[in-house]
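Undergrad: here is a sequence with its predicted model. Questions after.
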Amino acid sequence: MNNKRVVVFRKEHFNAAHRLNNPLWTIEENKKIFGRCNNEHYHGHNYELIVQVTGEIDPETGYVIDMKILSNLIEIEILNRFDHKNLNLDTVEFKNINPTAENIAVVIYDLLRNKLNASLELKIRLYETERNFVEYPA
Ligand code: NI
C-alpha cells in the first residue's frame, strides 16, 4: 500500500515588462494607486516562479510527477509565453487584465491546471521582487 502524499516544487524564472493601469481611471488616480508601476513606458521584473504539485507517490515510478514532464510543461506553457515579453502588449492573457503579481499567478495556475492530471493539486507562488510575492490558490 502506498498512499503517501508528497509536495514537490519546481523553481523557474522569467523576465517580463509590465505596466499597471486602470483605463477607467484618470492619469492622476492611476499614478496615486500604482505609483512607479504605472510608468507609461513600462518597467521590468525578474519573476521567480515556484510551481508546487501535491499528490500521491506513484508506486511504479516513485514520483509524484516526473520533473522532466513538469519542467517541459512550464517551459512550453509559461516561459515561452511570457519570458522577455511585454505582458501588456505582447500577450493575449493581459490584454484586458492588469498584470499584477496576483493576476499573473492566477493566469499561470489556469494554464498549468489545464495540462496536469486532475489527481494532482497545484499551487503557484510568484515572486515579483525578493520581498513581494503571492500565492494562488489561497
Ligand atoms: Ni511592476
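TA: Received the coordinates, thanks. These numbers come from a predicted model, not from an experiment.
Undergrad: switch to C-alpha atoms for all contacts and neighbour counts from now on
TA: OK.
Undergrad: so what's residue 3 scoring on pLDDT?
TA: Here, the pLDDT recorded for residue 3 equals 80.
Undergrad: how about it: what's its closest non-neighbour residue?
TA: What sits nearest to residue 3 in space, not counting adjacent residues and going by Cα to Cα, 6 or more residues apart in numbering, is residue 56, at 5.6 Å.
Undergrad: show me where the protein has strands.
TA: 5-18, 43-56, 85-86, 121-127, 133-136 (DSSP state E).
Undergrad: what's the single longest helix in the chain?
TA: Longest helix of the chain, by residue count under DSSP state H: helix 101-113.
Undergrad: so which elements touch that one?
TA: strand 121-127, strand 133-136 (3 or more Cα pairs under 8 Å, 6 or more residues apart in numbering; DSSP states H and E).
Undergrad: mind putting those into CSV with distance to residue 73?
TA: Formatted as CSV, the helices and strands packed on helix 101-113 follow (distance: least, Cα to Cα, whole Å):
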stretch, distance to residue 73
strand 121-127, 13
strand 133-136, 18
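Undergrad: kindly reformat the ones you listed as TSV containing mean neighbour count.
TA: Compiled in TSV, those are given as follows (neighbours: other Cα atoms under 10 Å):
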stretch	mean neighbour count
strand 121-127	20
strand 133-136	17
